[in-house]
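# sequence unknown, structure follows:
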C-alpha cells in the first residue's frame, strides 16, 4: 500500500492543495448576494441574512459586471 502520509507533508502537495482549495466562506456568501437582490431583498436584509457588513456588499455590487 502507498504511504500517502509522507506525501501530504511535501511542498508539492501543499502547492496543489492551495491551488485547488474550495471557495472561501466569503466567496460563497458574495455569490449569494446577486440571488438575494433578484428576490427583492434590500442590502440591509442581505447583510443581516449573510452576516456580512454593508460596505463589503456595496463594494461587491460596484465591482460586479452587470
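Nice, I can see it. Please read all numbers here as calculations on a predicted model, not as lab measurements.
# alpha carbons only for contacts and neighbour counts from here, please
OK.
# For residue 9, give its distance to residue 46.
40 Å (Cα to Cα, to the nearest Å).
# Of the two, give the one with the bigger neighbour count.
residue 46 (22 against 10; other Cα atoms under 10 Å).
# so that one is in which element?
Applying DSSP states H and E as the criterion places residue 46 in helix 43-50.
# which residues touch that helix?
Contacts to helix 43-50, defined as Cα atoms under 8 Å, 6 or more residues apart in numbering, come from residues 29, 33, 36, 37, 52, 53, 54, 57, 58.
# Ok, stretch 58-66 next?
Stretch 58-66 has contacts (Cα under 8 Å, 6+ apart) with 30, 43.
# any chance you could map the strands in the chain?
Read by DSSP state E, the chain holds no strands at all.
# Just want the most central residue of the chain.
In the chain, the residue lying closest to the centroid (Cα atoms, centre = their mean) is residue 27, at 1.7 Å.
# Run a quick neighbour tally on residue 10.
Residue 10: 10 neighbours (other Cα under 10 Å).
# pLDDT score for it?
Note on residue 10: pLDDT of 89.
# Sort out which residues of the longest helix seen in the chain are buried, please.
For the chain, the longest helix by residue count, based on DSSP state H, is helix 25-38. By 16 or more other Cα atoms under 10 Å, the buried positions in helix 25-38 come out as 29, 30, 33, 34, 36.
# low pLDDT regions in the protein?
In the prediction, the chain carries residues with pLDDT under 70 at positions 1-2, 22, 66.
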